[in-house]
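>>> turn this into a model:
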Amino acid sequence: MPLDWTLVTPETLHALELEKLLQHVEPRQSFNYSEELANLRNRPDQWSPAQAACLDFAVQVTGMVLRSGQPSEPFGPMFQMGDRRSAIPADFPKEILLSVYPWASALRDAELRARFLDTVWVQGKHFQAAKEAVAAYVTSAQHLLDPQHWTDFAERLERAVRLAASLGKAGTELLESALADAHDVIRRYAGTDPLYLTLRLTQLLLEFRRGESEELAKYAVTAAQLAEGNGEFWRAKDYFNLAADCCRAAKLADAEAAHRRAAAESLVKEAESALDQPGRGAMASATIFSSAVQAMRQAPGGRARAEELGRQLVALQERALTELKSVSTSVDATKLVEAAIRRVRGKSFSDALLAFCQLGETPSLDALRRQVDEQAQVTVLGSLMPAEVVNFRGRVVAKVPGLEYGVTDPTHPGLRWRMFRCAGMSRNLIAQATIEPARQVILHEHAPDRTDVLELIRYSPWIPEGHHESIVRAILAGFQGDMLLVGHLVPIQFEAVIRQVVETYGAPEPMLKPDGTQEERTLSALLDSPQAEQAFGKDGVFELQDLLTDPLGSNLRNEVAHGLETDDGFFSTKYVYAWWLLLRYVALTAHIARTKQGDTSAPPALAGGTEAA
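Below is the predicted model of the structure:
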């Protein structure tokens, strides 16, 4: 039921005494507050209509996800499912937020005060609320400081820093104070915290060019050495690379090179440890070892060591082949969710991402035909009837004939549309029961940032020059649930990737027109080319046509490019799946490129292409 905003007043909020209602909640952070308030709201006899409306308002404000690394859109929905999502700041009327500012400013609980004041700033653009929110975030962060559960502290302190920075000169003093707090915490632990607190705070100081870089490098090396001693080689790698970044800022080239090589050696140790671990073995070890070889090659002074590691990798890859097995099973939706979570939980980000990219597979044309035939046997009359494809504006965009007996050609519109529908139902299940649960696990365990994503896709030969940043932002937005950004970036960048692939596989240059001009091929023409089939396979091309270009299918590229998609439409599962598919192609081709160790005689193919990698 929509919220009645006329009932949300500062007087009712004050009378509710939210802080008293939440006084026993621990840890004192917004998500826990939202759960407690939602539980209280489920006792309808206890509240007047105005109190219930104010509780709903508080649940929505505290339930938003803080995106500390995105100063322009710092809050996202807590959940999305199909066309539905939870609240974001744009859902709150500006006049309501401005009216509750005095109440929010007087809250004693720093976490509540920061959340409400920041929402007033983001949607209501109340400058004083922003300044007060910075101070409240710093105070809340101090209350939540726990090196074992470091993300709550780091996110709030980072939001304080970025919010203060966005205020210009008026926020200078607040910015310096927040950065000083970050420096103090780094010095307090001096690299001995058990996870990534020092790393995230040091990255923040480097970004804003604060702190002594040599001192920060010393703490990073301490953290790396302690991690190696505990067998946490992924974390050691991250801290050695952080030390290298600090040395680069300090213009210490030799020390930077040494730390880059040490980071690569940490990957070697991780690969060696994976070899005999249950559930990992030679396959996982070879993947990690490949990353170690690549990292060592890029490290100054590491070429000779990289060649030595490369020879070891070849032997390891041969051993990995013996572990390949064929596995099949039948599961319901619940088991799909549980299986997806198991595939990605408790792994390093790179391992989790590779597993995430392999959670689904392109449905075969034969399987889709069989599904259409089976449905036709159940709904005989429906299969014979023609149909119209209507867009959200009620316009008929395509007409579909009835299904003809014995037709097998997937270009036949009657069969093609029904195959697209079967594929869409499968994608919907995969998106909701597999992709979405696994995405949330990766986001919770790793909170990936731009650097994490770029590192894993930068070597993909399928990404055209000058498109890495756009694709990184699209992937990052998907992990963070920002489907508006995903919807606007993914279909367009998918076209750039497909164009790059088709041209890489030898598509001829566009023909000169009589007037001497050349037109770029449309996306439809690119997907119809033999080079597309060679790269993606017949099944893969059919899937891309369905998702991106065919009016009988989802047609995402044209819906977005022509401004036909609605805001709600971007939160549908078809965009979730398209995002995952783009991530799958660029991440796996980057991984294949690394494992080939410079063998570029032919670009890798996926999804049943004739040169399948």
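>>> name the helix or strand for the closest residue to F208 other than its chain neighbours, please.
Using Cβ to Cβ, 6 or more residues apart in numbering and skipping the chain neighbours, the partner closest in space to F208 is L179 (6.0 Å). Using the backbone N, CA and C atoms, a C-beta is placed for each residue, glycine as well. Per DSSP states H and E, L179 falls inside helix 172-189.
>>> now the strands for the stretch 401-550 of the chain?
For the stretch 401-550 of the chain, applying DSSP state E, counting those that start in this stretch gives no strands.
>>> is the closest residue to D482 other than its chain neighbours in a bridge, and if so with what?
Counting by Cβ to Cβ, 6+ apart, G76 is the residue found nearest to D482 once chain neighbours are left out, at 5.8 Å. Note on G76: beta-bridge partners V65, judged by DSSP bridges.
>>> ok so, going back, helices or strands up against the helix holding L179?
helix 127-144, helix 150-166, helix 197-207, helix 213-229 (3 or more Cβ pairs under 8 Å, 6 or more residues apart in numbering; DSSP states H and E).
>>> would you mark the buried spots in the shortest one?
Spelled out, that is helix 197-207. Neighbour counts over helix 197-207 (16 or more other Cβ atoms under 10 Å) mark 197-206 as buried.
>>> please tell me how far S529 sits from Q317.
33 Å (Cβ to Cβ, to the nearest Å).
>>> wait, the residue nearest to D482 sits on Q480?
Yes: counting by Cβ atoms under 8 Å, G76 touches Q480, with 6.0 Å between them.
>>> common neighbours of those two, please.
65, 67 (Cβ atoms under 8 Å, 6 or more residues apart in numbering).
>>> low pLDDT regions in the stretch 251-400 of the chain?
Under the criterion pLDDT under 70, the flagged ranges of the stretch 251-400 of the chain are 321, 324-332, 380-382, 387-397.
>>> ignore what I typed, I meant the chain.
1, 82, 321, 324-332, 380-382, 387-397, 511, 597-613.
>>> for Q23, give its distance to E36.
Following Cβ to Cβ, the distance that separates Q23 from E36 is 10 Å.
>>> equivalent analysis for E455, please.
With Cβ to Cβ as the criterion, E455 and E36 are 39 Å apart.
>>> ok, Q312 next?
Computed as Cβ to Cβ, the Q312 to E36 distance reads 54 Å.
>>> and for L206?
Applying Cβ to Cβ to L206 and E36 gives a distance of 38 Å.
>>> now E361
Distance, E361 to E36, using Cβ to Cβ: 42 Å.
>>> which one of those two has more residues nearby?
For the pair E361 and E36, the greater number of neighbours falls to E36 (17 against 11), based on other Cβ atoms under 10 Å.
>>> confirm the more buried one sits in a helix?
Yes: the assignment for E36 is a helix, going by DSSP: H, G, I helix; E, B strand; the rest coil.
>>> where does K399 sit, in terms of helix or strand?
Per DSSP H and E: strand 396-400 holds K399.
>>> in space, what's closest to the residue nearest the centre of the chain - neighbours in sequence excluded?
Residue closest to the mean C-alpha point of the chain, counted by Cα atoms, centre = their mean, is F479 at 1.9 Å. Leaving aside its chain neighbours, F479 sits nearest to L443 (5.3 Å; criterion: Cβ to Cβ, 6+ apart).
>>> burial count for the one you found?
When neighbours are counted by other Cβ under 10 Å, L443 registers 15.
>>> test my guess that it contacts D482.
No: contact criterion Cβ under 8 Å: L443 and D482 do not qualify, at 11.4 Å.
>>> next secondary structure after the helix or strand hosting L13?
Using DSSP H and E, L13 sits in helix 10-16. Once the chain leaves helix 10-16, the next helix or strand it forms, by DSSP H and E, is helix 18-21.
>>> so which elements touch that following helix?
Counting by 3+ Cβ pairs under 8 Å, 6+ apart, helix 18-21 packs on helix 30-41.
>>> how about the helix it packs on: buried residues?
Quick answer for helix 30-41 (16+ other Cβ under 10 Å): 30, 33-34, 36-38, 40-41.
>>> please export the C-alpha coordinates of it as PDB.
Taking C-alpha atoms only, helix 30-41 is exported to PDB below (Å, rounded to 0.1, in the frame of the first residue of the first chain):
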ATOM      1  CA  SER A  30      20.700   1.200  10.000                       C
ATOM      2  CA  PHE A  31      20.000  -2.300   8.600                       C
ATOM      3  CA  ASN A  32      19.400  -3.600  12.100                       C
ATOM      4  CA  TYR A  33      17.300  -0.600  12.900                       C
ATOM      5  CA  SER A  34      15.200  -1.200   9.800                       C
ATOM      6  CA  GLU A  35      14.500  -4.800  10.800                       C
ATOM      7  CA  GLU A  36      13.500  -3.900  14.300                       C
ATOM      8  CA  LEU A  37      11.200  -1.100  13.100                       C
ATOM      9  CA  ALA A  38       9.600  -3.400  10.600                       C
ATOM     10  CA  ASN A  39       8.900  -6.000  13.300                       C
ATOM     11  CA  LEU A  40       7.300  -3.300  15.500                       C
ATOM     12  CA  ARG A  41       5.300  -2.000  12.500                       C
END
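>>> just the buried positions in the very next helix or strand once past that helix, please.
As assigned by DSSP H and E, the chain's next helix or strand after helix 30-41 is helix 49-63. Residues 50-63 are the ones in helix 49-63 that count as buried (16+ other Cβ under 10 Å).
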